[in-house]
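Participant: Based on what follows, work out the 3D shape:
(one chain, ligands or ions: 1)
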Amino acid sequence: MPDNKPVVNLISKPENMLKTVYTACRTCYSAEAPVNIYNSTDDEEKMLKLIERVISSGHFSTIEHIQVSFAISNVSRACTHQLVRHRHMSFSQKSQRYVKEKGQFDYIIPPTIEKNPELKEKFEKFMTEISNLYSEFTEAGIPAEDARFVLPNAAASSLVASLNLREMIHLANLRLCTRAQYEIRILVKKMCEELLKEEPWLKAYLVPKCERLGFCDEDKSCGRMPVRG
Ligand SMILES: Cc1cc2nc3c(=O)[nH]c(=O)nc-3n(C[C@H](O)[C@H](O)[C@H](O)COP(=O)(O)OP(=O)(O)OC[C@H]3O[C@@H](n4cnc5c(N)ncnc54)[C@H](O)[C@@H]3O)c2cc1C
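Facilitator: Predicted structure coming up:
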């Protein structure tokens, strides 16, 4: 059984991300042709200053020009079900119709169960029972698309997920919040870390929403920021 944590790799992103966003921002306020803005800019501080001003004032279309893609595996179906609720993302997910499980399917054990040996044993036993039933069905000729009805939320999945920078920031703001479920929080944290390795200037944006807002707007606050008055 692989480790219980999501595996995330950034597999695609534009080369000149900062410059592209800057060009989009600057084009709105300049008589220059966008190509001239693009070719004449290299001052990172100047670019970041304008980008922050534009994003802070809510002109988010300027960051929609950037598309990034992640290869994600070892996440539960419970987690991917939450991820696919984000409507501005694109997904290609391992199919439970076309990919028949052979032997014990991979599954994710939540840490709360993992750390309790007695409950962990029961959990694993139950996964084995499900696997046996699934195999009995498929060996009896039941197609995988129907046999999968017995598979649990814990079943591991893999997918390619793509999104633009506006949605990436929105995803981070919502899912890095301590109110988000633990697994999607880890997944999105890893997505952010992967992108930040290449684009560290995004650090100020790939944060829980309270850090951008300066306050917490959740019903139950973790106490990190003052609650909305
Ligand atoms: C802590 C937490 C708890 C949650 N609990 C539940 C739950 O109990 N039950 C449940 O069903 N879901 C739950 N969700 C999922 C949540 O309701 C959203 O479906 C999910 O977070 C996607 O967010 P979104 O709609 O803002 O973003 P996206 O779908 O990523 O869209 C981004 C933004 O685009 C705009 N947008 C997108 N589509 C439309 C549209 N059709 N019309 C107008 N504007 C649009 C909105 O401004 C939106 O914020 C939870 C999410 C979180 C973070």
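Participant: Setting aside sequence neighbours, what's the nearest residue to the most centrally placed residue in the chain?
Facilitator: By Cα atoms, centre = their mean, the mean C-alpha position of the chain lies nearest to residue 188, the distance being 3.9 Å. Once flanking residues are discounted, residue 188 sits nearest to residue 175: 4.0 Å by Cβ to Cβ, 6 or more residues apart in numbering. For the C-beta atoms, the positions are set from N, CA and C on the backbone; glycine is no exception.
Participant: these two touch, right, that neighbour and residue 183?
Facilitator: No - under the criterion of Cβ atoms under 8 Å, residue 175 makes no contact with residue 183, lying 10.2 Å away.
Participant: returning to that earlier point: so which helix or strand takes in the residue nearest to the centre of the chain?
Facilitator: Take DSSP states H and E as the rule and residue 188 turns out to sit in helix 182-198.
Participant: model confidence over that helix, on average?
Facilitator: Averaged over helix 182-198, pLDDT sits at 98.
Participant: buried ones in that helix?
Facilitator: 183, 184, 185, 186, 187, 188, 189, 190, 191, 192, 194, 195 (16 or more other Cβ atoms under 10 Å).
Participant: immediately after it, which helix or strand?
Facilitator: With DSSP H and E, the next secondary element past helix 182-198 is helix 209-213.
Participant: counting contacts, what elements does that next one pack onto?
Facilitator: helix 165-175 (3 or more Cβ pairs under 8 Å, 6 or more residues apart in numbering; DSSP states H and E).
Participant: Dump the helix it packs on to PDB, keeping only the CA atoms.
Facilitator: Taking Å, rounded to 0.1, in the frame of the first residue of the first chain, the C-alpha atoms of helix 165-175 are listed here in PDB:
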ATOM      1  CA  LEU A 165      -4.100  31.300 -12.200                       C
ATOM      2  CA  ARG A 166      -7.300  33.000 -11.100                       C
ATOM      3  CA  GLU A 167      -8.800  29.700 -10.200                       C
ATOM      4  CA  MET A 168      -5.500  28.500  -8.600                       C
ATOM      5  CA  ILE A 169      -5.600  31.500  -6.200                       C
ATOM      6  CA  HIS A 170      -9.300  30.900  -5.500                       C
ATOM      7  CA  LEU A 171      -8.600  27.200  -4.800                       C
ATOM      8  CA  ALA A 172      -5.800  28.000  -2.500                       C
ATOM      9  CA  ASN A 173      -7.800  30.700  -0.600                       C
ATOM     10  CA  LEU A 174     -10.600  28.200   0.000                       C
ATOM     11  CA  ARG A 175      -8.800  24.900   0.500                       C
END
